[in-house]
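Visitor: Generate a structure from the sequence data that follows.
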Amino acid sequence: MRMVFVFPPTTLAATTALLDATMPGGDEYWHDGQLQVEVDRENQSLGLFSDWEPEDVHRVEEALGYHPTWALQVIVSGRIDSTDEIRAFAARLLKNGGVAVDDYSDHCWTLEEIESDLKIDGLSFFDFRAHYAKYYAT
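Guide: Have a look, this model is predicted:
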């Protein structure tokens, strides 16, 4: 299982309306067979940022210019690639701003960086293959 957090620039209501219109599911949970998406709130037990390092939270705050109280948590199965799907999902939600954070880097990715396949420390957005090669391949 791999994870991406998406911090859209819109309100929670606008974001859930967009997801309700474009993905199966609802009631703040969507699943299309490739991506499992749910709203993660800061004020929930074990909610947003509960297991994040303070410097990681600070990076998100710096990238957004404010402290977010909710995000979309996207779970991607490790059994399928899903690179195209997570990139398309990010594009749909970040077209007017916001950032995404993946499991593979310490960077807050903008849509422009994702679409240009920018590499930070040798990794692009959701670059599980390069991450594995960099840290685990012998």
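Visitor: Please count neighbours and contacts with C-alpha atoms only from this point.
Guide: Noted.
Visitor: ok, and what's touching the helix or strand of the chain with the lowest mean pLDDT?
Guide: Least confident helix or strand of the chain, by mean pLDDT, DSSP states H and E, is helix 128-135 with a mean of 92. The contact list for helix 128-135 (C-alpha atoms under 8 Å, 6 or more residues apart in numbering) reads 104, 122-123.
Visitor: who touches Pro54 in this structure?
Guide: So Pro54 contacts nothing (C-alpha under 8 Å, 6+ apart).
Visitor: could we number from 55 for the rest of this?
Guide: From this message on, residue numbering opens at 55, which makes the last subject Pro108.
Visitor: Let me see the ranges of the helices in this protein.
Guide: Using DSSP state H, the helices of the chain run over 66-76, 108-118, 137-148, 165-169, 182-189.
Visitor: Could the C-alpha coordinates of the shortest one be exported in PDB?
Guide: Extracted in PDB, the C-alpha atoms of helix 165-169 (Å, rounded to 0.1, in the frame of the first residue of the first chain):
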ATOM      1  CA  LEU A 165       0.800  20.400 -10.300                       C
ATOM      2  CA  GLU A 166       3.400  22.200 -12.500                       C
ATOM      3  CA  GLU A 167       6.200  20.100 -10.900                       C
ATOM      4  CA  ILE A 168       4.200  16.900 -11.300                       C
ATOM      5  CA  GLU A 169       3.300  17.500 -14.900                       C
END
